[in-house]
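> sequence-free structure coming up:
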């Protein structure tokens, strides 16, 4: 199976001149390798400045690696002639919902991407309606974006991306500016895209509870992958995770403290395990 | 709240004028302005005014609102009228007193001027009253995209206008927020003379500009990620279509134009 | 005497139009000097509107606000005093920075108070030390700092006014766990050292529970409860029902209780949880 997105020994620096012989290059990401296959849900966890936003920008040719290679469906992001193709395959949702909505009407904003792809009007209409329904914003299609809540704006932004029918969506801290309700809305939408439409998701965040839904978690620190594995495999390392400025789910922490067996991440799982231990 | 203000002076409605294609409205408004200036006597001018009254009635915009549009330029109108009255020396003298010489020609020119300018202002306001800024922008873009050499330029301007319209409410909200934050730090924005007040705005304007630059930067990224690459190869979801209404509008203005030309020929020119 | 008191405070937007909205309804509360009050509520619950009344940015439609026993809307003078007695730090305060240097930005508030140079400098330095703004940073442009550093500078700008009540609206929003914990610790240290009254507005019970003495829960323009952290958690299920986040551990114990286990429901840290489970294990529970 061909991977959708592949990082292969990627190095990137924001420094202007790269002179490795000096040995003082400040790498924003270094030696980064991972793959996203169709249908994957990968969470990237890291504190601010750990390199996770750089990772996002490298994944659709906004940034080009200094060393190593990023490929999208086999196309290297260094291939400038195929940048549009790459961006169609890997869609990106950003942090600030206000700064990614272009049009004054919701449905026209969702149409922006497909319009740029040069699709015929009927096809755009069909995709816009589908995308808005998928994120549950169809009834708001004629609203003005600035009157929506943060979570609703972010769902519109997601619709704008899925209307381009990408195979993979990268969400770069898309929940960081939202209130708990908005975060829940976005999380539910993303899980739905993954579960029902089979879209591959790269979810970048510093909220550990959002990473619990992932198939695989990458924990980043100082531009490198610090830990990787299933959510439980990662969160089990309570002290290490704390050491890089992140939280672990309290349920996991409690289960470990009580010596409960099983991969415990959610409150339900934790309650089950406690019941079970009390019964014995 | 401030963010609920309507931008421009769009007056939502569902009249036949509202429903006309914005491109046709743009064209017809321009044609109408031209024929205002073609009028050479009160007969043709009367026809032009009558046409305007009919359109205003059809648009269902309250007369009060229409009159409001003339208010800001009332001074300019009065000024031009007075100037014309004093400086045009054709026709019979009406008043000859010291340095003031008023002639029939002067009065006629002044009245003509007033009516022309009012008609011009009302006609162009009517366009913005009945068409949302977004539609005007789209109309301009789609109208000019027919001409290949203008396509890129017009697209760029239209895109800029759309983004400006999109961000005006956001920036107003931002302005309110920053103003409150600086007030909370004791900034005094309400008292003092003009210079002091202008200076007091610095703590609000600097953050506002910086935030706007950051927004612009992020928005550019987001647009690139959505495959934006200018007008080249770009299509639109909503294509404007001319309807019967537009044909009526076209015929209406065409008849008015014909009428003006005919009346200009049949009756004596006064201007 | 209480430092802050409201008397039937009501606030309505767009009064007299069809869009009239009651943002605050009959709010009566009293806060004692030196308290650290957390104000929680979902977006639109009225919590942000409430705090903007305390320094006179919003004028109540009905009712009164007393700061230090003084009705703040009595005269222009009392209103101006309230501005300086109650320091309000808005959400994302880093977007209010504008001066050329960090020092000048922190000095903006004290300058507006009309203090002399010496006083201003000592206040800036003390606020900087509370917020961990280093001497080196004071000379820099605020725009050359990292996001977390900017946030601290902006908070220092309000602290430097040495208000009797410091109010922070969502001071940790957008920060990662490490940044969040640093800000919360800083706020607690400030209050412990200066003895000032502090209010923190938040969506998250989890954040504020660590440092608050009392929790004010707002819902639909009204006060839902105003009690200690322990007591507020006792009604954790009602917090969830009005759309607020509670710590995951609290959810575990609510779930256990729902399943008929006789556990306390006001458990919110892992340590509390471990001792509660140990108690159950020792005492033994009968499972039906």
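That came in fine, so what should we check first? Remember, predicted model here, so these are calculated numbers, not experimental data.

> C-alpha from now on. contacts and neighbour counts both.
Will do.

> What distance do you get for the residue lying farthest from the centre of chain B to residue B:82?
Going by Cα atoms, centre = their mean, the residue of chain B most distant from its centre is residue B:98, 42.1 Å out. Going from residue B:98 to residue B:82 by Cα to Cα, to the nearest Å gives 17 Å.

> got a list of what residue A:49 touches?
Shown in contact with residue A:49 (Cα atoms under 8 Å, 6 or more residues apart in numbering or on different chains): residue A:222.

> And the one 10 residues further on, by the same measure?
When the contact criterion is Cα under 8 Å, 6+ apart, the partners of residue A:59 are A:5, A:70, A:72, A:77, A:90.

> And the spatially closest residue to residue C:183 that is not a sequence neighbour, how far from chain A?
Counting by Cα to Cα, 6 or more residues apart in numbering or on different chains, residue C:183 lies nearest to residue C:172, which is 6.8 Å off, once chain neighbours are set aside. Using Cα to the nearest Cα, to the nearest Å, we find residue C:172 at a distance of 11 Å from chain A.

> And the helices in chain A, which stretches?
Using DSSP state H, the helices of chain A run over A:52-58, A:83-89, A:106-116, A:121-134, A:150-162, A:180-197, A:208-211, A:231-235, A:238-243, A:250-258, A:267-279.

> Which residues in the fourth one does the neighbour count mark as buried?
When burial is assessed from 16 or more other Cα atoms under 10 Å in any protein chain shown, helix A:121-134 yields the following buried residues: A:121, A:124, A:125, A:127, A:128, A:129, A:130, A:131, A:132, A:134.

> what pLDDT, on average, does it get?
Average pLDDT, helix A:121-134: 96.

> the helices in chain C, which residues?
C:47-54, C:76-85, C:102-112, C:117-131, C:135-138, C:147-159, C:177-194, C:205-209, C:229-234, C:236-241, C:248-258, C:270-283.

> Please apply the same query to chain B.
Under the criterion DSSP H, chain B contains helices at B:16-19, B:22-38, B:42-59, B:63-70, B:74-87, B:104-130, B:133-144, B:148-184, B:194-200, B:202-225, B:244-266.

> any weak-confidence spans in the stretch 51-200 of chain C?
Scanning the stretch 51-200 of chain C for pLDDT under 70 picks out no residues.

> If we use 90, what do you get?
C:146-148, C:173-179 (pLDDT under 90).

> List, one by one, the residues from it near chain B.
C:55, C:57, C:83-84, C:87-90, C:93, C:95-99, C:108-109, C:112-113, C:157-158, C:161 (Cα under 8 Å from any Cα of the partner chain).

> Return the members of those classed as buried.
For those, buried by 16+ other Cα under 10 Å: C:55, C:57, C:83-84, C:87-90, C:93, C:95-99, C:108-109, C:113, C:157-158, C:161.

> Find the centremost residue of chain A, please.
The residue lying closest to the centre of chain A (Cα atoms, centre = their mean) is residue A:203, at 2.1 Å.

> give me the beta-bridge partners of it?
Beta-bridge partners of residue A:203, counted by DSSP bridges, are residue A:43, residue A:171.

> Report the contact partners of the one residue in the stretch 1-150 of chain A that gets nearest to chain C.
Nearest residue of the stretch 1-150 of chain A to chain C, counting by Cα to the nearest Cα: residue A:47, 5.6 Å away. Contact analysis of residue A:47 by Cα under 8 Å, 6+ apart lists A:206, A:220, A:221, A:244, A:245, A:246, C:176, C:177, C:178.

> Likewise for residue C:218?
Residues in contact with residue C:218 (Cα under 8 Å, 6+ apart) are C:39, C:40, C:41, C:42, C:45, C:46, C:47, C:224, C:225.

> From those, list the ones also adjacent to chain A.
Restricting the contacts of residue C:218 to those near chain A - Cα under 8 Å from any Cα - leaves residue C:42.

> separation between the residue nearest the centre of chain C and residue B:67?
Centroid check for chain C by Cα atoms, centre = their mean gives residue C:200 as the closest residue, at 0.7 Å. For residue C:200, the distance to residue B:67 equals 52 Å [Cα to Cα].

> what do you get for residue B:158?
In terms of Cα to Cα, residue B:158 sits 30 Å off from residue B:67.

> coming back round to it: so which of the buried ones among the residues of the stretch 51-200 of chain C next to chain B would count as near chain A as well?
Filtering those for proximity to chain A by Cα under 8 Å from any Cα leaves nothing.

> Strands - which of those land there?
When DSSP state E defines the strands, the subset of these inside them is C:87, C:88, C:89.

> can you redo the residues you listed as TSV with distance to residue B:182?
Compiled in TSV, these are given as follows (distance: Cα to Cα, whole Å):
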residue	distance to residue B:182
C:87	11
C:88	10
C:89	10
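
> and the residue of the stretch 1-150 of chain B found nearest chain A, what is it in contact with?
With Cα to the nearest Cα, the shortest gap between the stretch 1-150 of chain B and chain A falls at residue B:134, namely 7.2 Å. By Cα under 8 Å, 6+ apart, the contact list for residue B:134 reads A:104, B:162, B:165.

> Just the buried subset of the residues you listed, written out for ChimeraX, thanks.
Listed next is the ChimeraX selection for buried residues among those, using 16+ other Cα under 10 Å:
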select /A:104 /B:162,165
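
> Tabulate the contacts of residue B:134 in CSV, adding columns for distance to residue A:11 and pLDDT.
Formatted as CSV, the contacts of residue B:134 follow (distance: Cα to Cα, whole Å; pLDDT from 0 to 100):
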residue, distance to residue A:11, pLDDT
A:104, 39, 90
B:162, 38, 91
B:165, 40, 89
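
> closest to residue B:201 among the contacts of residue B:134?
residue B:165 (23.6 Å; Cα to Cα).

> Just the ones in strands from the contacts of residue A:47, please.
A:220, A:221.

> Give the burial count for the residue of the stretch 101-250 of chain B found nearest chain C, as a bare number.
Using Cα to the nearest Cα, residue B:185 is the residue of the stretch 101-250 of chain B that sits closest to chain C, at 4.7 Å. Residue B:185: 28 surrounding residues under other Cα atoms under 10 Å in any protein chain shown.

> Contact partners for it?
The contact partners of residue B:185, by Cα under 8 Å, 6+ apart, come to C:83, C:84, C:87, C:88, C:108, C:109, C:112, C:157, C:158, C:161.

> And the residues you listed, which is closest to residue B:254?
residue C:88 (63.5 Å).

> which residues touch the residue of the stretch 1-150 of chain C found nearest chain B?
Distance from chain B to each residue of the stretch 1-150 of chain C (Cα to the nearest Cα) is smallest for residue C:109, at 4.7 Å. Each residue near residue C:109 by Cα under 8 Å, 6+ apart is listed here: B:185, B:186, B:187, C:157, C:158, C:160, C:161.

> Quick check: the nearest residue to residue A:66 once chain neighbours are set aside vs residue A:51, distance?
Sequence neighbours aside, residue A:12 is the residue nearest to residue A:66 in space, at 5.1 Å (criterion: Cα to Cα, 6+ apart). Distance check for residue A:12 against residue A:51: by Cα to Cα, it reads 10 Å.

> Repeat that for residue C:184.
Distance from residue C:184 to residue A:51, by Cα to Cα: 25 Å.

> same check, this time on residue C:8
Distance from residue C:8 to residue A:51, by Cα to Cα: 50 Å.

> Of the two, which one has the most company?
Neighbour count, other Cα under 10 Å: between residue C:8 and residue A:51, residue A:51 has more, with 22 against 17.

> wouldn't that one be in contact with residue A:225 here?
No. In this structure, residue A:51 is not within contact of residue A:225 by Cα atoms under 8 Å, at 9.6 Å.

> Next to chain A, which bits of the stretch 101-250 of chain B? Give me the list.
Going by Cα under 8 Å from any Cα, the residues of the stretch 101-250 of chain B near chain A are B:134, B:162-163, B:165-166, B:169-170, B:215-216, B:218-219, B:221-223, B:225-229, B:233-239.
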